[in-house]
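Student: Fold the following, please.
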Amino acid sequence: MKRFLSSVLLALAAAALPLASYATALDVPLACNESGHQFIADLADQQLIDPKPTRVESNSINAFSPTSGANLTAYGFRVFAVVGYEKDDPMFRVGDGEPVARSAYGVVVFGSEAKVRNAIAGTGSTAIVHRVAPLITAIFCKRS
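Tutor: Sure, this is the predicted structure:
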């Protein structure tokens with residue numbers, strides 16, 4: 001009886017967990033084999049990001065916020081911003097400077113540059129790893 005009660009309690013606890021507690025890993029698209037449009041559109045279609053950028057940099061990189069309850073990860077690191085740009089695409093706003101590339105996308109994660117670089121090493125990704133601030137790192141794909 002004790003085993004049965006424990007099983008029932010465990011099942012009830014698991015059922016009570018919100019579905020958003022499961023992470024959506026972005027490792028595959030961060031192998032840099034798609035366009036900025038495809039990356040951002042897929043996340044917006046899945047309602048994992050707000051489709052309107054929260055910020056536009058001078059180099060035309062648009063920053064998008066994950067939606068409430070979205071649990072995005074990249075190579076095991078928690079994503080707190082998604083970025084992208086595609087030239088001549090109405091999905092993106094243009095900055096007042098020179099665009100960073102014809103097409104670009106990526107994420108910003110909580111993690112040191114060294115740890116992120118080590119996590120990506122050996123995956124086949126051509127992503128650029130860039131330190132944004134202490135313990136904040138960008139993982140970025142771009143096409144000329």
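Student: Heading C-terminal from the lowest-mean-pLDDT helix or strand in the chain, find the next helix or strand.
Tutor: Evaluated with mean pLDDT, DSSP states H and E, the helix-and-strand set of the chain has its lowest mean pLDDT in helix 2-16, which scores a mean of 37. Past helix 2-16, further along toward the C-terminus, the next helix or strand under DSSP states H and E is strand 24-25.
Student: Remind me what that following strand packs against, helices and strands.
Tutor: In terms of contact count using 3 or more CB pairs under 8 Å, 6 or more residues apart in numbering; DSSP states H and E, strand 24-25 is assigned the packing partners strand 72-74. Backbone N, C-alpha and C define where each C-beta goes, glycine included.
Student: got the buried residues for the strand it packs on?
Tutor: Under the neighbour-count criterion of 16 or more other CB atoms under 10 Å, strand 72-74 has 72, 74 buried.
Student: all helices for the chain, in order.
Tutor: Listed from the start of the chain, the chain has helices (DSSP state H) covering 2-16, 36-45, 113-120.
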